[in-house]
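Colleague: Dropping the sequence and predicted coords here.
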Amino acid sequence: MTSAYKMNSGTLLRSRLLSLLKNGQWERDDVVKLFIVLMNQCNDREEDFNTWIMKILYKVEIHKIKASDLTDPKSDQFVDHVDEKINDIIENNEGKTLDEIVKEICEQKNIDKVMPEVKDIVSSVSKSLSYSTSTHLQGIEKMLFTLCNAVEKTMKITPRLTQMVSWCLLVLSKSSHLVQVGTGEGKSCIVAMFAAYQALEGKTPDVISSSPILAERDAKEWSDFYKELKITVDVNTNKSKDKDLKKCYECQVVYGTTESFAGDYLRQRFHRFDVRPKREFHCVIVDEVDSLMLDKGLEVVYLNTEVPLMEQLNGILAEIWHTVSQLKHLESGEILGPIQQFSQILIKSFSESDKIDHLSLVQLAVKAGILPTTPSVQKQENLKNMLEQLDNTSVNQMRAFLTMFAKNFPQFVFKLYLQGPYGKYKNRMRSVRHVQIRDKKYRFFSRIWTMSFCVL
């Protein structure tokens, strides 16, 4: 167990060191020098080396700290206390201007098209917050101003520029977006503001946290903020009764964990419990998205059942579902069985009847234009090849073959159908009678150039 832990820690540490090279701000020699300096500084610390150095490297990466920021200009070497220098840089970063924040983001991501709009929105709102007026604001600007005011009134803090920029990136993105936020930059505030925006737009956002403790903490901590905006909020991790869960999912914003959301959805769909009957999946906000990317084996959901050894029935249930899903609906309201190839239907018919002459079938295929008309071919053509030809014939050829087949073998009569644009089938050949074969009804279906058949 210990060796496995060390091996995993070493892999993560190498990955973190290599990630410094990928952002283009660090050279290989500088990464090696940083690692050596941190190793020397860690000798007198009680904290585990891997844990401590991973925290330091994470701060360097997330706050875009360069090697030059840690270098002593006099000696051209790293400063003596690199960890303290990193913490000082992070504290000073809180005073970054909007231009500096936008520039850093543009250096990391190819989102130049949206950044001018983000810059204009945040600039206008930050100025309006200073003067406590929003008469000239419209659209997203006015929405951001309203949310910032609610945060300031209820949480006694003013959203920082980095939080407003992150909020704008989420709002302006046309699809799913991943935002990397540094430790201490107010991720919970960004999540709450974006969830509130979705709720005010008439949607029902689900906020997924990495643990029940964090979900309950954030829902409680930001309850006054949501109340100020007249938005209802609840958490689904501390409820066991159906009526409590139903009341929870009637709220506009719901906090919870992966297993809680998945379990409640399964209870609604499979157990038919009245848990979240009317709540739609409009928006999901994942807090700590890396917790979903790591297979920790903690998000496994099992539904309780009163039937002993229910899992033994899974194979049978899967086979039943596979069969049922192949049923086809006719415009007349009939439901027909699984689709089969025509050759399979005929082979089954041969085994049930001794009145069908194989050579006669070959001759019918020749008359229908399915097989060549050469007499030698009629004699040499075996039944298997003939059946393969039938499976790849045209609709007109199949219609001719079935018509002659029905005349020569009156006990076998088939009905031909055409698939419509919405998956429904309608009668294609009304002139052919419909009879039964030993209490089994055979229906033959045609698509544009291929033939499909089913038996009921």
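Modeller: Cool, got the structure.
Colleague: what's the neighbour count on L161?
Modeller: 19 (other CB atoms under 10 Å). For glycine as for every other residue, the C-beta is placed from the backbone atoms N, C-alpha and C.
Colleague: Could you check how far the spatially closest residue to it that is not a sequence neighbour is from K241?
Modeller: With CB to CB, 6 or more residues apart in numbering as the criterion, L161 has its nearest non-adjacent residue at 5.3 Å, and that residue is L98. Here the criterion is CB to CB, to the nearest Å. By it, L98 lies 48 Å from K241.
Colleague: and if you look at V289?
Modeller: V289 is 31 Å from K241, by CB to CB.
Colleague: Between the two, which has more neighbouring residues?
Modeller: Higher neighbour count among V289 and K241: V289, with 13 against 8, using other CB under 10 Å.
Colleague: is it true that the more buried one touches L178?
Modeller: Yes - with contacts defined as CB atoms under 8 Å, V289 counts as touching L178 at a distance of 6.4 Å.
Colleague: now the strands: where do they sit in the stretch 251-400 of the chain?
Modeller: Secondary structure of the stretch 251-400 of the chain (DSSP state E, counting those that start in this stretch): strands located at 253-257, 283-286, 328-329, 335-336, 339-340.
Colleague: Can you list the strands that the first one pairs with?
Modeller: With DSSP bridges as the test, strand 253-257 is paired with strand 205-209 (parallel), strand 233-235 (parallel).
Colleague: got it, and the second one?
Modeller: Strand 283-286 has its sheet partners listed here by DSSP bridges as strand 205-209 (parallel).
Colleague: what about the partner strand, average pLDDT?
Modeller: Averaging pLDDT along strand 205-209 gives 94.
Colleague: what's the following helix or strand after it?
Modeller: Later in the chain than strand 205-209, the nearest helix or strand by DSSP states H and E is helix 212-221.
Colleague: Just the buried positions in that next one, please.
Modeller: 212, 214-216, 218-219 (16 or more other CB atoms under 10 Å).
Colleague: Just the CA trace of the next helix or strand after it, in PDB.
Modeller: Under the assignment DSSP H and E, the closest C-terminal helix or strand after helix 212-221 is helix 223-228. Taking C-alpha atoms only, helix 223-228 is exported to PDB below (Å, rounded to 0.1, in the frame of the first residue of the first chain):
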ATOM      1  CA  SER A 223     -28.900  31.400   1.200                       C
ATOM      2  CA  ASP A 224     -29.200  35.100   2.000                       C
ATOM      3  CA  PHE A 225     -27.800  36.000  -1.400                       C
ATOM      4  CA  TYR A 226     -30.400  33.900  -3.200                       C
ATOM      5  CA  LYS A 227     -33.200  35.200  -0.900                       C
ATOM      6  CA  GLU A 228     -32.200  38.800  -1.800                       C
END
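Colleague: in helix 223-228, what counts as buried?
Modeller: Buried residues in helix 223-228, counted by 16+ other CB under 10 Å: 223, 225-226, 228.
Colleague: Make CSV out of those and add distance to L34 and pLDDT.
Modeller: Below are the buried residues of helix 223-228 laid out as CSV (distance: CB to CB, whole Å; pLDDT from 0 to 100):
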residue, distance to L34, pLDDT
S223, 43, 95
F225, 40, 96
Y226, 43, 96
E228, 45, 96
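Colleague: Turn the residues you listed into TSV, columns for distance to D48.
Modeller: Formatted as TSV, the buried residues of helix 223-228 follow (distance: CB to CB, whole Å):
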residue	distance to D48
S223	37
F225	37
Y226	39
E228	43
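Colleague: follow-up on the earlier one: right, and the strands paired with strand 253-257 - which one's nearest R276?
Modeller: Among those, the nearest to R276 by CB to CB is strand 205-209 (9.9 Å).
Colleague: quick one: buried residues of that closest one?
Modeller: 205-209.
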